[in-house]
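[1] predicted coordinates and the sequence they were generated for:
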Amino acid sequence: MEVFLQIWAGGFYLLNKIFLSLGEGGDKRWQIAGWSIYLLGLPAWFVILTEKHDWIVTSTEVGGAPAMLLGLVIAWKGKEQTPRILKILAGLFAYGLLAVGIIYSLYDHRGLTSITQLLELCVTIGFLMGTYLLAEKKSIGWLFFALMNVSMATLMAVQSKPYLVVQQITSLGFVVWGYHRSQKQAKEESNDPD
């Protein structure tokens, strides 16, 4: 069951990075697929993370679902057509749940007592900032995703989850590729005489 959960969680999250990278060229279909596929991997991540008492990252993953929905709506309708209230609700939910996760982690671990908690905080910063910035069509979000992937790969290595280590390292490659595509796209748009 453990291997199945790692493949399920890692596979869908890897597809998320691949599809978002492909969507950097402006193809809405890839963007929509990228934001959608994340949600299908969430249940497996929830089981894996709660089993290890990774409360900060668990709250981040679950709290990130509305941000992924926000990214989906923006990809589908466009940034200008997206109701502002959705942005506010996604942020409130994500940060509210994150506060609960941090507080519960401090309670469960009797303070900030382990390297895994520090790695979880790095994953959280990378995920929340990356997701928000990419949903807002800002390419610097890819760099925050890189922080997330490196931190999560390290966390999974510490917790003996080899398939997820490989998935995170592979995802990092697509994050770098997505960043380069976004930079190329921005350069082409700045050179466009229109």
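    Yes, it's here.
[2] could you check how far Trp76 is from Arg29?
    Per C-beta to C-beta, to the nearest Å, Trp76 is found 10 Å from Arg29. Bear in mind the C-beta positions are built from the backbone N, C-alpha and C, glycine included.
[3] neighbour count: these two, which is higher?
    Trp76 (14 against 11; other C-beta atoms under 10 Å).
[4] now the host helix or strand of Ser59: average pLDDT?
    Element membership of Ser59 [criterion: DSSP states H and E] is helix 55-63. Helix 55-63 carries an average pLDDT of 92.
[5] what packs against the helix or strand just after that helix?
    Note on helix 55-63: by DSSP H and E, the next helix or strand toward the C-terminus is helix 65-77. Here helix 65-77 touches helix 28-51, helix 84-108, helix 115-135, going by 3 or more C-beta pairs under 8 Å, 6 or more residues apart in numbering; DSSP states H and E.
[6] returning to that earlier point: export the helix holding Ser59 as PDB, just CAs?
    This file holds the C-alpha atoms of helix 55-63, laid out as PDB (Å, rounded to 0.1, in the frame of the first residue of the first chain):
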ATOM      1  CA  TRP A  55       1.100  18.700  10.100                       C
ATOM      2  CA  ILE A  56       2.500  21.800   8.500                       C
ATOM      3  CA  VAL A  57       2.800  20.300   5.100                       C
ATOM      4  CA  THR A  58      -0.600  18.500   5.400                       C
ATOM      5  CA  SER A  59      -2.300  21.800   6.200                       C
ATOM      6  CA  THR A  60      -0.400  23.400   3.300                       C
ATOM      7  CA  GLU A  61      -1.500  20.700   0.800                       C
ATOM      8  CA  VAL A  62      -5.100  20.700   1.900                       C
ATOM      9  CA  GLY A  63      -5.200  24.500   2.200                       C
END
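[7] list of residues touching that helix?
    For helix 55-63, contacts defined as C-beta atoms under 8 Å, 6 or more residues apart in numbering pick out 42, 45-46, 49-50, 93-98, 100-102, 104-105, 108, 117, 120-121, 123-124, 127-128, 152, 155.
[8] how about the most centrally placed residue in the chain: what's its closest non-neighbour residue?
    Central residue of the chain (C-alpha atoms, centre = their mean): Phe127, 4.3 Å from the mean position. Excluding its sequence neighbours, the residue lying closest to Phe127 (C-beta to C-beta, 6 or more residues apart in numbering) is Met148, at 4.8 Å.
[9] buried residues of stretch 126-142, list them for me.
    126-135, 139, 141-142 (16 or more other C-beta atoms under 10 Å).
[10] also stretch 111-125?
    By neighbour count on 16+ other C-beta under 10 Å, the buried set for stretch 111-125 is 116-117, 119-124.
[11] go on, stretch 100-111?
    101-102, 105.
[12] next: stretch 62-76.
    Buried residues in stretch 62-76 (16+ other C-beta under 10 Å): 62-75.
[13] quick one: contacts of the helix or strand of the chain with the lowest mean pLDDT?
    Within the chain, confidence by mean pLDDT, DSSP states H and E is lowest for helix 65-77 among all helices and strands, at a mean of 82. By C-beta under 8 Å, 6+ apart, the residues outside helix 65-77 that reach it are 23, 28, 31-32, 34-36, 38-39, 42, 82, 86-87, 89-91, 93-94, 128, 131-132, 134-137.
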